[in-house]
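In: Fold the following for me, if possible:
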Amino acid sequence: MQWGRRPAWPALPAGVRDGIETLLGAAVVDAVTPPGGHSPQLAARLRLSDDRTVFVKAAPGEAGFAETDRREAAITAALPDKAPAPAVLATGEAAGWFVAVYADVPGRHPNISPESLDLDPVLDTLADVAVLPVSAELQSVLRGTADVELAGYLHGWDVLAHDPPDDVDLWAAPRLRLLATIEGDRAGALAGTALSHSDGRPDNMLIADGHVTLVDWSHALTGAAWLDAAFLVPQMILDGWEPAEALAVIRHRVLGDADQDAVTAFWVALTGYWQHAGRQPSPPGAPGLRPYQRAAAAAGTRLLQLLID
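Out: Numbers count the residues shown, from 1 in each chain. Below you'll find the predicted structure:
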């Protein structure tokens, strides 16, 4: 998979590098930009002259990514102590760039393919997140509530039904209006008070010794307790699961007591979003975003074939 074109440490403006080192209180002696993510801002593991290692995200203050980084830092700092998240060590400005410094988290991205043992700790971690307390401070910095924030953009079948493109999936083509109708029920389906990371792709997770840490909390909100686990099903299909098997695992582990019509409405709306978004021009610095969305749309559509006549 292609990822965002993140700048390497030496490519940053000198004033930005100097400002970050001042914020860190030490010089950077080595920098590694790990794979993952679709945004083009700095996201690098920095080894410092005093032997510390930290993870730094930074973006120009006039760019939308800086606002996203600010929200991520504020949310992460307000999470309960037991949250599976990196600690926020510092935030600041460097030559007009917003900078957030996080504790370095060891580990690798989990493998959620059928042969891997990583899926169980991932699901356990998502379940733990859903029962974390949401303080007033945390609620004030979250992206919002799922029934408002997610429902505001999780759609696409309605657009495709209005003006069907030539390349619509053969299964979906005669069902566009039906899918648009189901998609319209998504707002109530997403409502709830549970904390949701809301972007739980494996590249936003790190696993070490069976312990999973979630990173990039910028999309976190409150909603149905099953949201994060349901979002994982298309990711499992992308990683090699047959849709029926992925669905059976998540239903058994998480969705047994959930309103199945509500969960289906979420999957329909999520897939519709990917179907529409994957057809848009690629944003600057994110060459892998549209290919990912098209692949996710295909995975989601395979899932919908099990659920909708």
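In: what's stretch 235-248 in contact with?
Out: By Cβ atoms under 8 Å, 6 or more residues apart in numbering, the residues outside stretch 235-248 that reach it are 111-114, 119, 200-202, 233, 249-250, 295-296, 299-300, 302-303, 305-306. C-beta here means a position set from N, CA and C on the backbone, and glycine is covered the same way.
In: try 6 Å
Out: The contact list for stretch 235-248 (Cβ atoms under 6 Å, 6 or more residues apart in numbering) reads Ile112, Ser113, Pro114, Arg201, Val233, Ala299, Arg302, Leu303, Leu306.
In: Could you pull up the residues touching Ala189?
Out: Residues in contact with Ala189 (Cβ under 6 Å, 6+ apart) are Ala262, Ala265, Phe266.
In: Out of these, name the ones that lie in helices.
Out: Judged by DSSP state H, the contacts of Ala189 include Ala262, Ala265, Phe266 as members of helices.
In: Go through these and name the one nearest Ile207.
Out: Lowest distance from Ile207 to those (Cβ to Cβ) belongs to Phe266, with 25.5 Å.
In: hmm, which helix or strand of the chain has the shakiest average pLDDT?
Out: Lowest on mean pLDDT, DSSP states H and E among the helices and strands of the chain sits helix 186-190, with a mean of 82.
In: could you dump that one to PDB, C-alpha only?
Out: This file holds the C-alpha atoms of helix 186-190, laid out as PDB (Å, rounded to 0.1, in the frame of the first residue of the first chain):
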ATOM      1  CA  ARG A 186     -27.000   5.700   9.600                       C
ATOM      2  CA  ALA A 187     -27.400   8.600  12.100                       C
ATOM      3  CA  GLY A 188     -29.500   6.800  14.600                       C
ATOM      4  CA  ALA A 189     -27.400   3.600  14.100                       C
ATOM      5  CA  LEU A 190     -24.300   5.400  15.300                       C
END
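In: quick one: it to chain centroid distance?
Out: Mean-position distance between helix 186-190 and its chain equals 19 Å (Cα atoms, centre = their mean, to the nearest Å).
In: What residues of it count as buried?
Out: Neighbour counts over helix 186-190 (16 or more other Cβ atoms under 10 Å) mark Arg186, Ala187, Ala189, Leu190 as buried.
In: before we move on, what about stretch 10-25?
Out: Using 16+ other Cβ under 10 Å as the test for burial, stretch 10-25 gives Leu12, Val16, Arg17, Gly19, Ile20, Glu21, Leu23, Leu24.
In: Nearest to Ser282 among the residues you listed?
Out: Set against Ser282, the nearest of the buried residues of stretch 10-25 by Cβ to Cβ is Leu12 (23.2 Å).
In: Now render the buried residues of stretch 10-25 as TSV, adding secondary structure, pLDDT and distance to Arg279.
Out: Output for these, formatted as TSV (DSSP: H, G, I helix; E, B strand; the rest coil; pLDDT from 0 to 100; distance: Cβ to Cβ, whole Å):
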residue	secondary structure	pLDDT	distance to Arg279
Leu12	coil	91	34
Val16	helix	95	35
Arg17	helix	96	38
Gly19	helix	97	40
Ile20	helix	97	38
Glu21	helix	98	43
Leu23	helix	97	41
Leu24	helix	97	42
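In: ok, which stretches of the stretch 151-300 of the chain are strands?
Out: 194-196, 205-208, 211-214, 221-223 (DSSP state E, counting those that start in this stretch).
In: picking that back up, among the contacts of Ala189, the buried ones, what's the ChimeraX command?
Out: Selection of the buried residues among these in ChimeraX, burial being defined by 16+ other Cβ under 10 Å:
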select :262,265,266
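In: Just give me the closest of the contacts of Ala189 to Ser218.
Out: Phe266 (20.2 Å).
In: one step back: okay if I get the buried residues of helix 186-190 as CSV plus distance to Pro80?
Out: Putting the buried residues of helix 186-190 into CSV (distance: Cβ to Cβ, whole Å) gives the following:
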residue, distance to Pro80
Arg186, 28
Ala187, 27
Ala189, 26
Leu190, 22
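In: Let me see the domain layout of the chain.
Out: Using automatic domain parsing, the domain parsing of the chain gives 9-103, 119-307.
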